[in-house]
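Engineer: this is a predicted model, with the sequence first.
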Amino acid sequence: MISKKVEVALNQQINNELASYYSYLGMSAFLETTPFKGFASWMRMQAEEEQGHAMKIFDYLNDRSGKVVLEAVDQPQTDFSSPLEIFESSLGQEMEVTGQINEIFQLAQEEKDFATLEFLGWFLTEQVEEEKSAQDMVDLLKLAGGSVEALLRIDSEAGQRSSEEPEA
Ligand code: MG
């Protein structure tokens with residue numbers, strides 16, 4: 001059986017991942033109203049990954065005979081000023097999620113919950129990748145500055161993105 005403390009923390013993380021899903025969906029919705037369809041597609045794919053993260057924890061809690069509790073998810077931001085602002089916001093969000101995973105990892109250490117530590121290893125690896133891909137986009141967009149030509153090229157490349165989820 002999973003401890004109550006770890007169960008509460010994992011339920012909170014389901015909510016955090018769903019908030020992240022919703023936040024990326026809001027970014028995608030905004031981008032669909034701009035010429036940047038590639039960025040819109042990138043964000044939609046990112047949203048789907050976040051939903052997958054929530055479901056991974058959902059399944060894990062059930063496997064450990066915990067109880068899943070679904071809390072309300074905050075309304076996401078759907079107005080932005082530029083692709084750079086959006087990707088900077090995405091990077092900030094990923095750094096926050098990394099902090100959340102680290103905290104649950106620490107809690108699982110305190111609780112001597114070795115199965116949860118093993119489970120969270122996948123998330124730690126995933127967060128390295130999430131921060132890197134957001135940072136790469138921020139760097140590219142900063143380099144592009146106000147060049148429409150450069151922005152459209154980055155947008156087109158972003159539209160080619162395929163799922164990069166590591167194996168479970
Ligand atoms: Mg996630």
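Structural biologist: That came in fine, so what should we check first?
Engineer: show me the contacts for the residue of the chain found nearest the ion.
Structural biologist: Residue of the chain nearest the ion, by C-beta to the ion: His53 (3.7 Å). Quick note: C-beta positions are derived from backbone N, CA and C, even for glycine. Contacts here follow C-beta atoms under 8 Å, 6 or more residues apart in numbering; on that basis His53 touches 17, 20, 123, 126.
Engineer: could you rerun that using 10 Å?
Structural biologist: Applying C-beta atoms under 10 Å, 6 or more residues apart in numbering to His53 gives the contacts 13-14, 16-18, 20-21, 97, 101, 122-123, 126-127, 130, 165.
Engineer: next: Ser156.
Structural biologist: Contacts of Ser156 (C-beta under 10 Å, 6+ apart): 36-39.
Engineer: between these, identify the one with the most neighbours.
Structural biologist: Of all the contacts of Ser156, Phe39 has the most neighbours under the rule other C-beta atoms under 10 Å, reaching 27 neighbours.
Engineer: quick one, grab the pLDDT at that residue.
Structural biologist: Looking at Phe39, its pLDDT stands at 98.
Engineer: you'd agree it is up against Ala29?
Structural biologist: No. Contact between Phe39 and Ala29 fails when scored by C-beta atoms under 10 Å: they sit 11.8 Å apart.
Engineer: right, and the helix or strand after the host helix or strand of Ser23?
Structural biologist: Following DSSP states H and E, one finds Ser23 within helix 4-31. Going down the chain from helix 4-31, the next helix or strand is helix 37-63, by DSSP H and E.
Engineer: report the angle between that next one and helix 4-31.
Structural biologist: Here the directions of helix 37-63 and helix 4-31 differ by 160 degrees (axes from the mean of the first three to the mean of the last three C-alpha atoms, to 10 degrees).
Engineer: what comes up buried for helix 37-63?
Structural biologist: Within helix 37-63, the residues that qualify as buried are 38-47, 49-51, 53-54, 56-58, 60-61, counting by 16 or more other C-beta atoms under 10 Å.
Engineer: before we move on, what about stretch 88-106?
Structural biologist: Neighbour-count burial for stretch 88-106 [16+ other C-beta under 10 Å]: 88-91, 93-94, 97-98, 100-101, 104-105.
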